[in-house]
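[1] got a structure for you, letters missing:
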């Protein structure tokens, strides 16, 4: 043993490191972008390489909400409920043009961007986005998580 | 039953119910009087026509026309492997037509959808309630008179534009 007997870090940094590489995601999938999600999640592109491979089908167990596909006004309260059920800390990715802005739909039925219902951390445009773009968005989210102020149980609230 | 014979037979059977018979890219279209839709459908469901399946029921809004709401029915005969298209125009002031629920069970949801989107009143329908939009939605979304971008959110939205 030499050269690596001890390690110094900041608690914030360690927490961010832990959180960004252990994202449990909840897929909220309604439309064709789901195909790209499946492609991203499965072996070819493999979202597990970035520590986000564990899909949870309960919002209680998830900390990354992946909103994939068109959200209508009829569905908006459901999305809000799912977001509210997730435990802190939590992040949201808007996956595809429809979730970013309503996409090609501008009518009585479609919500013009999910950021009008839930706060969004990362927007991934594209109709649908390529898996590479999704992974790029995920890396950007990890970067954001690493550098944001970490919330933890005994943290001093101001 | 060939195409010509079919038209003749339909005319003979339905009599006054048929307003006229048109041709649309080679397909026969029978235009019915709105008051006679139910009786005509009941006759077409029985042999020799034997249209056992109601494939589709939808509506078109011709905003400027006198018969504003044009109902479009598609029938299919399993025994003869032929389809038939029927239409009926309803006036803008009172878009009312008799229900087909007693003849084909799937008419229930098809008619609920047309009611939801166009506000056509299907008399005798057992449960004429909105199908696609939600409770509290006002107006009928596919009418030409409906503002094309008017959304009716169910929860408060951030930054409403």
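    Structure received. Computed from a predicted model, the values in this text were never measured in an experiment.
[2] how about the residues of chain A by chain B?
    A:73-74, A:76-77, A:80, A:106-112, A:115-117 (Cβ under 8 Å from any Cβ of the partner chain). Backbone N, C-alpha and C define where each C-beta goes, glycine included.
[3] any of the residues you listed buried? List them.
    A:73, A:74, A:76, A:80, A:108, A:109, A:110, A:111, A:112, A:115, A:116, A:117 (16 or more other Cβ atoms under 10 Å in any protein chain shown).
[4] nearest residue to the middle of chain B?
    Centrality entry for chain B: nearest residue to the mean C-alpha point is residue B:71, 3.5 Å, by Cα atoms, centre = their mean.
[5] pretty sure that residue contacts residue B:90?
    Yes. Counting by Cβ atoms under 8 Å, residue B:71 does reach residue B:90; the two are 6.7 Å apart.
[6] shared neighbours of the two, which are they?
    Each of B:34, B:97, B:120 lies in contact with both residue B:71 and residue B:90 under the rule Cβ atoms under 8 Å, 6 or more residues apart in numbering or on different chains.
[7] now, those that are in strands?
    Taking DSSP state E as the definition of strands, the shared contacts of residue B:71 and residue B:90 contribute residue B:97.
[8] closest one of the shared contacts of residue B:71 and residue B:90 to chain A?
    residue B:120 (17.9 Å; Cβ to the nearest Cβ).
[9] can you count the residues close to the closest one?
    Using other Cβ atoms under 10 Å in any protein chain shown, residue B:120 has 19 neighbouring residues.
[10] correct me, but it touches residue B:70?
    No. Counting by Cβ under 8 Å, residue B:120 does not reach residue B:70; the two are 10.3 Å apart.
[11] mind listing the shared neighbours of the two?
    B:59, B:90.
[12] what's the burial count for the residue in chain B that chain A sits nearest to?
    Going by Cβ to the nearest Cβ, chain A is nearest to residue B:157 of chain B, at 4.2 Å. Look at residue B:157: counted by other Cβ under 10 Å, it has 17 neighbours.
[13] how near is the closest residue to chain B within chain A to residue A:97?
    Taking Cβ to the nearest Cβ, chain B has its nearest neighbour within chain A at residue A:116, 4.2 Å off. Residue A:116 sits 15 Å away from residue A:97, going by Cβ to Cβ, to the nearest Å.
[14] residue A:145 too?
    From residue A:145 to residue A:97 the distance is 24 Å (Cβ to Cβ).
[15] before we move on, what about residue B:32?
    Using Cβ to Cβ, we find residue B:32 at a distance of 43 Å from residue A:97.
[16] and residue A:4, by the same measure?
    According to Cβ to Cβ, residue A:4 stands 47 Å off from residue A:97.
[17] which one's more surrounded, these two?
    Applying other Cβ under 10 Å to residue A:4 and residue A:97 shows that residue A:97 carries more neighbours, namely 21 against 6.
[18] the more buried one contacts residue A:125, correct?
    Yes. At 5.5 Å, residue A:97 and residue A:125 qualify as touching, with contact defined as Cβ under 8 Å.
[19] how near is the nearest residue to residue A:101 once chain neighbours are set aside to residue B:151?
    Sequence neighbours aside, residue A:113 is the residue nearest to residue A:101 in space, at 4.8 Å (criterion: Cβ to Cβ, 6 or more residues apart in numbering or on different chains). Separation of residue A:113 from residue B:151 (Cβ to Cβ) stands at 12 Å.
[20] the two: which is more packed in?
    residue A:113 (22 against 19).
[21] pLDDT value on the more buried one, please?
    Listed pLDDT for residue A:113 reads 92.
[22] again with residue B:2
    Looking at residue B:2, the pLDDT reads 65.
[23] check residue A:11 too.
    86.
[24] over to residue B:137?
    Taking residue B:137 on its own, its pLDDT is 92.
[25] low-confidence ranges, the chain, go.
    As the question left the chain open, I've gone with chain A. The model of chain A has pLDDT under 70 over residues A:1-2, A:157-158.
[26] hm, I was asking about chain B
    For chain B, the ranges with pLDDT under 70 are B:1-4, B:160-161.
[27] just the strands from it, written as ranges.
    B:18-24, B:27-32, B:53-61, B:69-77, B:82-90, B:96-98, B:121-123.
[28] about what we covered before: would you format the shared contacts of residue B:71 and residue B:90 as a markdown table with distance to chain A included?
    Formatted as a markdown table, the shared contacts of residue B:71 and residue B:90 follow (distance: Cβ to the nearest Cβ, whole Å):
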| residue | distance to chain A |
| --- | --- |
| B:34 | 27 |
| B:97 | 24 |
| B:120 | 18 |
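[29] kind regards, and thank you for your time.
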